[in-house]
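> build me a structure from this.
(3 chains)
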Amino acid sequence: MSSIAQHSTSGTVTFEPLLFFFLAAMAVTTAVMMVVHRNPVVSAISLIGNFFCLAGFYLLLRAQLLAVLQIAVYAGAIMVLVVFVIMLLNLGEEQSPAFRLGFRTVIGTGLAIGFVLEMLYLFVLTPFTEPLRRDIQAGAGVGTVEAMGAALFSRYLFPLELTGMLLLAAVIGAVILAKKRLT
Amino acid sequence: MASQLVPLAVFLPLLGFLLNGLLGRKIKHEALIGGIGSAAVGTGFVIGVLTLLELLRAAPDDRVRIIELVPWISAGGLTTGIAYQIDQLSVVMLLIVTGVGFLIHVYAIGYMHGDPGFWRFFAYLNLFIFAMLNLVMADNFLLLFFGWEGVGLCSYLLIGFWYDRNFEKGTTGDAAKKAFIVNRIGDFGFLIGIFLIFTTFGSLRFQTVFAQAAVFEMGRNVMIAITLALFLGATGKSAQIPLFIWLPDAMAGPTPVSALIHAATMVTAGVYMVARCAILYALAPVSLEVVAIVGAATALLAATVGLVQNDIKKVLAYSTVSQLGYMFLALGVGAFSAGIFHLMTHAFFKALLFLGAGSVIHALHNEQDIQNMGGLKASLPVTYWTFLTGAIAIAGIFPFSGFFSKDEILWKTFAGGQWGLWLMGLAGALMTAFYMFRLVTLTFTGEHRWAQGKHPHESPKTMTIPLIVLAFLSLVGGILGIPASLGGSNAIEHWLAPVFQPAYDRMALGQHQNHALEYALMVLSVGVALSGIFLARTWYGRRKDIPESLAARFAPAYKLILNKYYVDEAYDAAVVTPIRKGSERLLWKGLDVGVIDWTVNAVARLFGAISRSLRVVQTGLTQNYVLVFVAGVIAMLAWLLAQ
Amino acid sequence: MSVPLPYFLSLSAVLFTIGVIGVLIRRNVIVVFMCIELMLNAVNLTLIAFSSALGDINGQALVFFVMAVAAAEAAVGLAIVIALFRNKQTVNIDDMNILKW
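Numbering: from 1, shown residues only, chains lettered A, B, ... in the order given. Predicted structure coming up:
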């Protein structure tokens, strides 16, 4: 990554912010589309798009393994499962609007907006991340496969095994729950 | 020493109760059950005899033994124990209770034959003897009260023994309850008396209290209060005015029960108690007067009611109330040993009369109305002759035992200057003779009036032998009290004198040695009795028309005494019904339901209301819950930020 | 670091909020699930951003596990939805309200 930065001398630093804002816009757009669209399949597809954007972010942050895992697991497995289910249940378009209007909506939306404003205030306007702004190591390769592997198989070995069990349990559970009763 | 065995005599009946009570249902042989019960009491009698012999051999001033078993209460100033006092008075009572008790146990083996509750009967009888012995042998008021309550309990259990039978206007259970509750009223008085004794003398042991009383001031109000309170207890237990109403109803129980409890022993507990506390009564002449008047009045009143009753047991019940009145009359005029002597002879002949009545009832298959009897002399010879003996004894004919004891009482009353009371006693004696021989005549002589199909036959030996023994005792029992005027030594009076001496000392009784007057009164009372007998035999024998026409002419009076002066009805209206109604309306519906239940329910309703208002949070809608999460998270974050 | 950390965090907050709003207002239960996944991903982003900023691998390890758990949760959740659909013939979340007082 640093070689690319070296090539474009003037635009070394500006390449990443540009990419960031582009991906950010995409992410937000797809997220909103997912929330708002009437057709559940379209919602699913836009969420997939959102996941791809997030994968891009992870790459920006030098988390290579996770970027790939994001695409493989989230976009490739989970969302596929969701799409399968939508099609299995043969869901059509929802009535318009796709979301309910009412008391709960207003309150919820209000709260959520309050939340995000709060967060923005925290991150942007306060010196919350001051210490972090300074100590960032550019190009630090913490997200490499080797590093992740080393961590997972040493410090996080037990949770790793447990996760295996969890997935097994989930598989069995899903099969049992969704099994059709043979009359 | 035999006296050391007295606790054994007291506790053997308890053992009999436990054996028969716990195992009786499984023991199939009636003889064994009856044997256990009788042996427990019989052994007590033997111990009593041995103790008597021991006391006789001792010097006259060395006849008191105290046997302490275990300490019972030791709190503050009160120390009592389970301890027994063996002295002249208690030994007499011990012999009476165990002796007559034993005979009645044997009789009951025959009488209760075939009853499904046979084992229960003997268990209760033994329990009764246990309680009664505690009562008479106790050395302190508390143990006496324990026995007092115990005999009340056993009386309840035994009156209601046939719990599935009806009795007059209610059930046997009602009769049992009546006995217990009326007794309770008396017990209230007894307890007040005990409390006062404790606060006045600081102890409840007889020896301590009576020693202090011997030098106590005369006529103090507290003593009047104590003695009257104790006497209230006695009127309850011994069926005097105003608490005698339970005794006629107690006839609902089996006849051996009537004989043992309501003739010979339990009802005499009040007499014993007053005699035991003689010194206390000597210190309160007012109370003695009250005792005498109540006794004489009861004697007369009960005798009038007994004149016209048609149930064989009712006649005997009222007779018992009447004779108990005589005993209290004796106590009231200061003739304590005469009262105890009459207690003893009465135990003999009244038990005999009741057992004989039981024999008749048994023979006629539960017929108790004398109007349906008659002519049983031929079929029940032993019963007849023994019953006749008892009747003569109670009528007071020389030389039967009843003559000596009753005459002693009348003489002492007259000699003490209480002529009004003497006259009441004499009138009562006339009536006693009359109603007893009315009973004898209607039951045993004349033509038979019983229902078709009944074949009366003499009772089995287990029933007739006790009758014979008691008849013998009724005949010769008077030996113990032959007065000086007739050349005797009045053994019983001398025997009991040390017990009552402290009382005599404080009462300043003169020794009236007017033999001539005594003879005259004796002749008078015998004459009165004989005329009563003659009148009864005539009116119910040859001239049956006379009582009938008298009843018709004096119909209102006849109805009045037939219905026992409506005393029960009066109590019911004045006391029972108001209390019941008041309890129902005020205490039950008002307080219990209205206040207590309402409060408890209100608490429940309160919680219900609170939960109803709180549980609307559980809407079941997932997104509501999420909303709450979000709100919570935001709130927490805001708070953290504010830190 | 060319993109300052706060930018990532703010983006993450925005995505998270969009997810929350989606959970609260959508009627289709499957879309609600997807919104929950969005929320999870927003958090993942935060974790990775911090991990990268601090040079610490632990954040990324955590994200690893979050992904695994999210996968398991999605599988089971969708199985439940299918079972519910069989009974009630609807995926409207308002109709799934029998766990109430």
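
> show me chain A divided up by domain.
According to automatic domain parsing, chain A comprises the domains A:1-117, A:144-183.

> distance to chain C and mean pLDDT added to the ones you listed, as CSV?
All C-beta atoms are positioned from the backbone trio N, CA, C, and that covers glycine. Compiled in CSV, the domains of chain A are given as follows (distance: least, Cβ to the nearest Cβ, whole Å; pLDDT from 0 to 100):
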stretch, distance to chain C, mean pLDDT
domain A:1-117, 3, 82
domain A:144-183, 4, 88
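
> among those domains, which comes closest to B:Ile533?
Across the domains of chain A, the minimum distance to B:Ile533, taken as Cβ to Cβ, is reached by domain A:144-183, at 102.6 Å.

> now do B:Ala175 against B:His365, distance only.
22 Å (Cβ to Cβ, to the nearest Å).

> now for chain C, the helix or strand with the poorest mean pLDDT.
Every helix and strand in chain C was compared by mean pLDDT, DSSP states H and E; the lowest is helix C:5-25, with a mean of 88.

> quick one on the thing from earlier: tell me which of the domains of chain A is the most buried.
Comparing the domains of chain A by mean neighbour count (mean count of other Cβ atoms under 10 Å in any protein chain shown), domain A:1-117 comes out on top with a mean of 17.

> how far does it sit from the chain's center?
Chain-centre distance of domain A:1-117: 6 Å, with Cα atoms, centre = their mean, to the nearest Å.

> please apply the same query to stretch B:47-59.
Taking Cα atoms, centre = their mean, one finds the center of stretch B:47-59 at 27 Å from the center of the full chain.

> mind listing what's buried in that stretch?
Across stretch B:47-59, burial judged by 16 or more other Cβ atoms under 10 Å in any protein chain shown covers B:47-52, B:54-55.

> turn those residues into JSON lines, columns for pLDDT.
Output for these, formatted as JSON lines (pLDDT from 0 to 100):
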{"residue": "B:Ile47", "pLDDT": "92"}
{"residue": "B:Gly48", "pLDDT": "92"}
{"residue": "B:Val49", "pLDDT": "92"}
{"residue": "B:Leu50", "pLDDT": "91"}
{"residue": "B:Thr51", "pLDDT": "91"}
{"residue": "B:Leu52", "pLDDT": "90"}
{"residue": "B:Glu54", "pLDDT": "88"}
{"residue": "B:Leu55", "pLDDT": "88"}
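
> picking up where we left off before, wait, which of the domains of chain A is closest to chain B?
For chain B, the closest of the domains of chain A is domain A:1-117, at 5.1 Å, according to Cβ to the nearest Cβ.

> that closest one vs chain B: in contact?
Yes. For domain A:1-117, a contact with chain B is found by Cβ under 8 Å from any Cβ of the partner chain, at A:104, A:107-108, A:111-112, A:114-115.

> among those, which are in strands?
With strands taken from DSSP state E, there is no overlap with the residues of domain A:1-117 next to chain B.

> of the residues you listed, which belong to helices?
The helices, defined by DSSP state H, take in A:104, A:107-108, A:111-112, A:114-115 from the residues of domain A:1-117 next to chain B.

> returning to what we had before: of the buried residues of stretch B:47-59, closest to B:Pro256?
Lowest distance from B:Pro256 to those (Cβ to Cβ) belongs to B:Gly48, with 20.6 Å.

> ok, now which ones touch that closest one?
B:6, B:9, B:91, B:94-95, B:98-99 (Cβ atoms under 8 Å, 6 or more residues apart in numbering or on different chains).

> cool, B:Arg184 as well?
Applying Cβ under 8 Å, 6+ apart to B:Arg184 gives the contacts B:152, B:236.

> and it, what helix or strand is that in?
helix B:172-201 (DSSP states H and E).
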